[in-house]
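Colleague: Dropping the sequence and predicted coords here.
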Amino acid sequence: MSTASQAVDVATARPRVRPLRWVAGAVLLVLAAQFAWFLVTNPRFAWPVVGTYLFDPNILRGLGMSLLLTVIGMVLGSVLGVLLAAGRLSGFTPVAWACGVYVAVFRGVPPLVQLIFWFNLGYLLPRISLGVPFGPTFVSWPTNSVISSLTAAIIGLTLHEAAYMAEIVRAGILAVDGGQRDAARAMGFTAGQSFVKVVLPQAMRVIVPPTGSQFISLLKGTSLVSVIAMADLLYSVQVIYNRTYEIVPLLIVACAWYLAVVTVLSLGQRRLERHFGKGQR
Amino acid sequence: MSGTPVLRIQDVRKRFGDHQALDGVSLDVHEGEVVTVIGPSGSGKSTLVRCVHQLESIDGGAMYLDGELLGYELRGGHLRPLPDRRVAAQRGRMGMVFQQFNLFPHWNVLRNVVEAQVAVHGRKPEEAREQALRLLERVGLAGRADAHPRMLSGGQQQRVAIARALATHPRIMLFDEPTSALDPELVDEVLRVVLDLARGGMTMIIVTHEMSFAREVADRCVFMEAGRVVETGTPEEIFDNPVSPRLRAFLSRFSGRAASDEHAPGSGRMAQTPDERVLEEETTS
């Protein structure tokens, strides 16, 4: 009764007591200390070895190859993905259907399996030829001379990436309000102009975040090409530790580079998102 | 009212699934004429202007802009749909204002008004910019050229949309319920701009639910129901001496609603009768 009549001001209140937060903080602190101790005192990490190989020319060359494969796979995959998305959204059923089948197949088969498959294409198709379908052949090459581990890697990563990009682009296009397309057409823009000027820039807001994630997962996915003897970052590391048996330190070298690149990419992704989020509610 | 009409609509039919949206609509709009289209929801008013602008295809009949067949051409004795590029060019000769404004949110106001002039009509950017600024001034938004659409009120956005449609010198302006998505207090600023265009001699078709405005601005008024033109005439004929029982029922329903709104507490603009609002517009414009 007395409290109700007294002047109460919640501005004077003390913070709420949260004992569980203290417990959680303490547990985390102990775990972190334990892990740091493990890193420092376990001689098998062989930190000096990590330091020796971190900037080894072979490792850097492998890193370069991984980045190159990521960029090529992403660029070609995006181009093909946009075409596939356009195909799926086209009013012509056979084209829409064919693009749908492509996406289902190439999203459904694991990329590792695809890489090995393309690498062994020569078994299925001994010669690659150009000519009239079911008619005469103009030129042909033996498949094994065309499909090196580099081309197999590019084909495998691109086709896999295109299937994912097709879905991302399609979702982005469908997210643009139909009134925008109406307005663009009403201005007299052709279908191409309204896609490039009005639909795509607005779809980018939806397309960019998952594309950033795709870029990152493709970079990590390039480690798969080591199985077809493609000299990427992981393969370069393997070549060295197969000789020296310093497996863990060299894997740490690889991890350090993967993490460094992914961190840079994440920062770039955040900036892009901010750029394309402009003009939206 | 002689010579070729700017727009001729001839026995146009349009069906959405089982629903006959347009059931043989014919209408001529002459140079400088303002036609308002009224009717209950679902009567096909919006479908009509969307078909004229070729945002929807028609199932039958024909439409002509300045005597030129819209959307089709006669080739080798057969009618065939025009290629996309030529349909786009025909659309570029008409201006459309949407219920939901549909400004391009990723461009600022100026670019919204400039872009089609440059990209569709091949004007020089400098020229297009001047024209855009002139039009923005005409709709009372000279100071907002650099703003993004999301920063504007609904009424301002719709006025930009009108400027955008005017920028390409359309032969005819089509308004699809331009004030239906606006807060009541923002309706007048848009209607004032449309009224100003009408007085300037612009050829227009205006689909609207604002009855007093439909009467005020029109040279001719069209009443549609169930996909047909039920009655057409001067505003006086339509509003003062409706012939068909359906139009009479529609108008009485409408005035009944306006009367009941008058007694609704706290309904700002609605507390005025529609006619008073038009008077106000006249004194302010």
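Modeller: Thanks, I have the structure now.
Colleague: so who does the spatially closest residue to residue B:84 that is not a sequence neighbour touch?
Modeller: Computed as C-beta to C-beta, 6 or more residues apart in numbering or on different chains, the closest residue to residue B:84 that is not its neighbour in sequence is residue A:191, at 5.3 Å. Where C-beta positions appear, they are placed from N, C-alpha and C, glycine not excepted. Residues in contact with residue A:191 (C-beta atoms under 8 Å, 6 or more residues apart in numbering or on different chains) are A:185, B:84, B:88.
Colleague: Is residue B:147 in a helix, a strand, or coil?
Modeller: Using DSSP: H, G, I helix; E, B strand; the rest coil, the structure places residue B:147 in coil.
Colleague: dump the residue contacts of the residue nearest to it when sequence neighbours are not counted.
Modeller: Spatial nearest neighbour of residue B:147, excluding adjacent residues (C-beta to C-beta, 6+ apart): residue B:109 at 5.3 Å. Applying C-beta under 8 Å, 6+ apart to residue B:109 gives the contacts B:103, B:136, B:141, B:144-149, B:152, B:160.
Colleague: Of these, which is the most crowded?
Modeller: Sorting these by how many neighbours each has (other C-beta atoms under 10 Å in any protein chain shown) puts residue B:160 first, at 27 neighbours.
Colleague: Just the mean pLDDT for the strand or helix carrying it, thanks.
Modeller: Secondary structure from DSSP states H and E places residue B:160 in helix B:154-166. The pLDDT scores in helix B:154-166 average 93.
Colleague: how far is it from where the chain is centred?
Modeller: In this view, helix B:154-166 has its centroid 12 Å away from the chain centroid, taken as C-alpha atoms, centre = their mean, to the nearest Å.
Colleague: cool, stretch A:111-123 as well?
Modeller: Centroid displacement of stretch A:111-123 relative to its chain, using C-alpha atoms, centre = their mean, is 20 Å.
Colleague: Which residues belonging to the longest helix along chain A are considered buried?
Modeller: The longest helix of chain A (DSSP state H) is helix A:57-89. Residues of helix A:57-89 classed as buried by neighbour count (16 or more other C-beta atoms under 10 Å in any protein chain shown): A:59, A:62-63, A:65-67, A:69-70, A:72-74, A:76-78, A:80-82, A:84-88.
Colleague: tell me the contacts of the closest residue to residue B:99 other than its chain neighbours?
Modeller: Excluding its sequence neighbours, the residue lying closest to residue B:99 (C-beta to C-beta, 6+ apart) is residue B:177, at 4.4 Å. By C-beta under 8 Å, 6+ apart, the contact set of residue B:177 is B:45-46, B:99, B:207-209.
Colleague: Close to chain A: what parts of chain B are there?
Modeller: Taking C-beta under 8 Å from any C-beta of the partner chain as the contact definition, chain B meets chain A at B:53-55, B:84-85, B:88-89, B:91-96, B:98, B:100, B:102-107, B:115-116, B:119-121, B:148-150, B:164-165, B:168.
Colleague: Can you select the buried ones from the residues you listed in ChimeraX?
Modeller: This is how ChimeraX selects the buried members of those, with burial counted by 16+ other C-beta under 10 Å:
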select /B:53,54,55,88,91,92,93,94,95,96,98,100,102,103,104,105,106,107,115,116,119,120,121,148,149,164,165,168
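Colleague: Mark which of the residues of chain B next to chain A are part of strands, please.
Modeller: B:94-96 (DSSP state E).
Colleague: Nearest to residue B:3 among these?
Modeller: residue B:94 (18.9 Å; C-beta to C-beta).
Colleague: measure the closest one to residue B:186 for me?
Modeller: For residue B:94, the distance to residue B:186 (C-beta to C-beta, to the nearest Å) stands at 25 Å.
Colleague: Residue B:52 is in contact with residue A:186, correct?
Modeller: No. Using C-beta atoms under 8 Å, residue A:186 is not in contact with residue B:52; the gap is 10.9 Å.
Colleague: now chain B, which segments are flagged as low pLDDT?
Modeller: In the predicted model, chain B carries pLDDT under 70 at residues B:1-2, B:255-285.
Colleague: Nearest to chain A within it, name that residue for me.
Modeller: Of all residues in chain B, the one sitting closest to chain A is residue B:92 (2.6 Å; C-beta to the nearest C-beta).
Colleague: Many thanks, we can stop here.
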